[in-house]
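Peer 1: Prediction below, plus the sequence it came from.
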Amino acid sequence: MKRISITCAALLRVLALTIAQSLPIITLAQGIQTITTAGQKEILTNPGTDPVGAHDPDVTIVEYMDYNCPYCKKLAPDLQALLAEDHKIAVVYKDWPILSDVSVYAARSALAAGWQGKYLAAHDALMSGPRLAQNDQVDSTLKHAGIAIDRLRADAVKHAKDIDALLERNDAEAHALNLRGTPGVVIGRQLLPGIVDLNGLKTLVAAARHDP
């Protein structure tokens, strides 16, 4: 994972998107909506975590997620299956902890693990595990995933401003997209109103390739 580097200027640009409404949403068939090319570019520029999958994808999927969201947990295996089958896509995970204080702790911990090069390991462990009711569950889950907890805690303190800025940016983007909960999924420029199964994901990826 690359070093998280979210500047105040970058955050303000995203907030400006919300104020200026430069992520217009146009309703299409089946409730699928689309965002502007400029909005998509802003979302994908220096997202703070490394994309998973293809290094030069023709379609990128963005997920705004919470580790305590049951629908995010349901979607995760299908996203992983899609990545395994389709080697021309990438997925960008955007931590958007909105369900509880433990969700916030989990998101901050996962991002802090990035300085060990283990954001994805943290993400997968937390997303595939049970509901998190206490912070020590987060620590235990990450420890079993091979993450050094002492170093994680030190990095969480040392890089607190970067983590705060990234979470604020993700929150600003989610509100600019008018997301009402997790998961919020963008496939190419298509904004989903909810979740779909693996076949639905494939259909939307094909549509994104046809109309990038």
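Peer 2: Yep, that arrived.
Peer 1: Residue 71 contacts residue 185, correct?
Peer 2: No - counting by C-beta atoms under 8 Å, residue 71 sits too far from residue 185 to count as a contact (10.1 Å). (Each C-beta comes from the backbone N, C-alpha and C, glycine too.)
Peer 1: So those two - more neighbours on which side?
Peer 2: Taking other C-beta atoms under 10 Å, residue 71 and residue 185 do not tie; residue 185 has more neighbours (24 against 14).
Peer 1: That one pairs with what?
Peer 2: Note on residue 185: beta-bridge partners residue 63, judged by DSSP bridges.
Peer 1: Could you report the pLDDT at it?
Peer 2: We have a pLDDT of 96 for residue 185.
Peer 1: how much space between it and residue 55?
Peer 2: 22 Å (C-beta to C-beta, to the nearest Å).
Peer 1: Residue 104 too?
Peer 2: 31 Å.
Peer 1: With neighbour numbers in mind, choose between the two.
Peer 2: A count of neighbours by other C-beta under 10 Å puts residue 104 above the other of residue 104 and residue 55, at 17 against 6.
Peer 1: Surely that one is within a helix?
Peer 2: Yes - checked against DSSP: H, G, I helix; E, B strand; the rest coil, residue 104 lies within a helix.
Peer 1: That one contacts residue 96, doesn't it?
Peer 2: No - contact criterion C-beta under 8 Å: residue 104 and residue 96 do not qualify, at 10.3 Å.
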